[in-house]
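# prediction below, plus the sequence it came from.
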Amino acid sequence: MAGPSAEDVKVLGLSLSPFVIRVRIALRLKRVEYELVEVRITEPKSEILVKSNPVYKKIPVLLHRGKPICESAVIVQYIDEEWTDGGGSSSILPADPFDRAIARFWAAYIDIKVKVPVFAIHQIKNKTFDAYFFDLNQLPAPVRALRFETEAAKEVELAEQIRQALGLLEEAFVECGKGKGFFGGDAVGYVDIALGSYLGWMMALEKAKSVKLLDAEKLPRLAGWAERFLAEESVKGLVPDADEYQKFYAAAAARTSATPA
Amino acid sequence: MARAAAEDVKVLGHLLSPFVIRVLIAFRLKRVEYELVDVRLAEPKSEILVKSNPVYKMIPVLLHRGKPICESSVIVQYIDEEWSDDGGSSSILPADPFDRAIARFWAVYIDDKLPYLIRALRWEKEAAKVTELVGQFRQVLGRLEQAFTECGKGKGFFGGDAVGYLDIALGSCLGWIMALEKGKSVKLLDAEELPPLAGWAERFLAEESVKGLVPDADEHLKVYEVATARTSATPAA
């Protein structure tokens, strides 16, 4: 099936955002060409972003024939359904309704239990960070309510939350993958994309804070999965490495300190 | 297509939870019989709840042939796909991928905004803060009215001619909205301000698939405390 030309499919986003990465992997899996349009996500936000996502003004936004679709989980499912190959090899969600329900469950879990502490822990050392990616007021009450003696204590607690979530996902990997190499089985699927899109950030965190999150000793299956995921054709080059994230933070910090308060 | 006998399909939960109501409406739409099993949510939680939803220990849980599915939006999509009639009249999500994406987006928005606002408003005692929360609530409903125009395309429901995914997502919250309006003497879904949405709410609650599943304000207030506001002139308790 001929894919649409690049003018038909635009992705508003930045290459470092896990949520944008998800959309790009999904489009790669479907062999759909697209144009990545970088937008300004801090005030004043790009006009095209505000116009196409007036509710949240966040990335990613998929523009297909000019019509916007927002929210990464919604976009990935749209890509799966719009460029369906009738349950063939490029299917992102599994075919069976129960397996689909399990995949959606774990993707939703990841976007609470991995996303929130990963964002929060980044915010601690990188005060500029939240302005770029995340509104801290959106953190659920239990996280906001965490009171710590020091920021170091908060980091320790958040890192532990991430490890616990990954521990559950290591078990989920067995349930979903059924002995194969990915959550999706033989091929990268919905949960692989949901979790794998965070790998660059997690590696950056591990490096910057000398903390182990995806500990290969404690989580051998997940560690193996991560390696396989990053080596996949559909993923290669889309997940920035730790250094790219570090460079981004450094540049953002420099811009912020140079700006008068 | 033979429908599952009630022993095959169990829903853990109770009617005062919007998330449980969603699942039950979905089953009514598909004419699938189920058994509603009330469970203990306070510690110590019911064993069946802990066993079937070990991650969150929350309702609803759908048990289909003994296999658990959790999270209301996941369950409703499962019901739509498992008892699919191939895009026929009982389809919950629309057929077109773009329309599905729009429905899913607004359902995400609803779950992003309403549970927090319902909880916050329920417990807020300070009059000024109540006013602020009511303002936020009305803004959210205002956006959803715009969504209604976009999705419904002139028909009676977000789903068009029939109740669909988004109707279920929002409609399941109507009981709590009415309970808060009564309990706190405020207007949230104001028929003067949002006539199309108010009309939709009436239609929704009158639907065959919904009747009896959304408890009214009094039923909520009998069971759940809704803090009444006091003015700043009132001494704190």
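Received the coordinates, thanks. Since this is a predicted model, take the numbers as computed values, not measurements. Residues are numbered from 1 along each chain as shown, chains lettered A, B, ... in the order given.
# what is the nearest residue to A:Ser52 once chain neighbours are set aside paired to in the beta sheet?
Of all residues not flanking A:Ser52 in the chain, A:Pro68 sits nearest, at 3.8 Å (C-beta to C-beta, 6 or more residues apart in numbering or on different chains). No exception for glycine: its C-beta is placed from N, CA and C like everyone else's. Residues in a beta bridge with A:Pro68, per DSSP bridges, are A:Leu63.
# how many neighbours does B:Glu33 have?
B:Glu33 has 13 neighbouring residues, counting by other C-beta atoms under 10 Å in any protein chain shown.
# centre of the chain to the strand or helix carrying B:Glu132, how far?
Here B:Glu132 sits within helix B:127-152, counting by DSSP states H and E. Put simply, helix B:127-152 sits 16 Å off its chain's centre (C-alpha atoms, centre = their mean, to the nearest Å).
# so which elements touch the following helix or strand past that helix?
Going down the chain from helix B:127-152, the next helix or strand is helix B:165-171, by DSSP H and E. When contacts are defined as 3 or more C-beta pairs under 8 Å, 6 or more residues apart in numbering or on different chains; DSSP states H and E, helix B:165-171 sits against helix B:18-29, helix B:72-82, helix B:97-123, helix B:127-152, helix B:195-206.
# neighbouring contacts of helix B:165-171?
For helix B:165-171, contacts defined as C-beta atoms under 8 Å, 6 or more residues apart in numbering or on different chains pick out B:22, B:25-26, B:73, B:76-77, B:80, B:92-94, B:103-104, B:106-107, B:110-111, B:114, B:144, B:147, B:151, B:157-159, B:163, B:200-201, B:204-205, B:210, B:214.
# now the lengthiest helix in chain A: buried residues?
Ranked by residue count and defined by DSSP state H, the top helix of chain A is helix A:151-177. Across helix A:151-177, burial judged by 16 or more other C-beta atoms under 10 Å in any protein chain shown covers A:154-155, A:158-159, A:161-163, A:165-166, A:168-170, A:172-173, A:176-177.
# what do you get for stretch B:62-73?
Of the residues in stretch B:62-73, B:Leu62, B:Leu63, B:His64, B:Pro68, B:Ile69, B:Cys70, B:Glu71, B:Ser72, B:Ser73 count as buried by neighbour count, 16+ other C-beta under 10 Å.
# same for chain A: which of those are within range?
B:His64, B:Ile69, B:Cys70, B:Glu71, B:Ser73 (C-beta under 8 Å from any C-beta of the partner chain).
# now, among those residues, which is nearest to chain A?
B:Ile69 (4.6 Å; C-beta to the nearest C-beta).
# assumed the closest one was part of a strand.
Yes: the assignment for B:Ile69 is a strand, going by DSSP: H, G, I helix; E, B strand; the rest coil.
# contacting residues around it?
B:Ile69 neighbours (C-beta under 8 Å, 6+ apart): A:Phe98, A:Ala101, A:Ile102, A:Phe105, B:Val61, B:Leu62, B:Leu63, B:Ile75, B:Tyr78.
# in which helix or strand does B:Val11 reside?
strand B:9-12.
# is that strand anywhere near chain A?
No: contact of strand B:9-12 with chain A (C-beta under 8 Å from any C-beta) is absent, the minimum separation being 13.2 Å.
# what mean pLDDT would you report for that strand?
Average pLDDT, strand B:9-12: 98.
# and for stretch B:111-131?
Rounded mean pLDDT across stretch B:111-131 is 95.
# can you check stretch A:169-180 too?
94.
# how about it, does it reach chain B?
No: on the criterion C-beta under 8 Å from any C-beta, stretch A:169-180 is out of touch with chain B, staying 9.2 Å away.
# could you find the closest non-adjacent residue to B:Val140?
Nearest to B:Val140 is B:Lys113, by C-beta to C-beta, 6+ apart, at 4.7 Å.
# same question, A:Phe183
A:Val191 (3.7 Å).
# how far away is that neighbour from A:Tyr198?
According to C-beta to C-beta, to the nearest Å, A:Val191 and A:Tyr198 sit 12 Å apart.
# which of the two has more residues huddled nearby?
Neighbour tally, A:Val191 and A:Tyr198, criterion other C-beta under 10 Å: the higher count belongs to A:Val191, 27 against 24.
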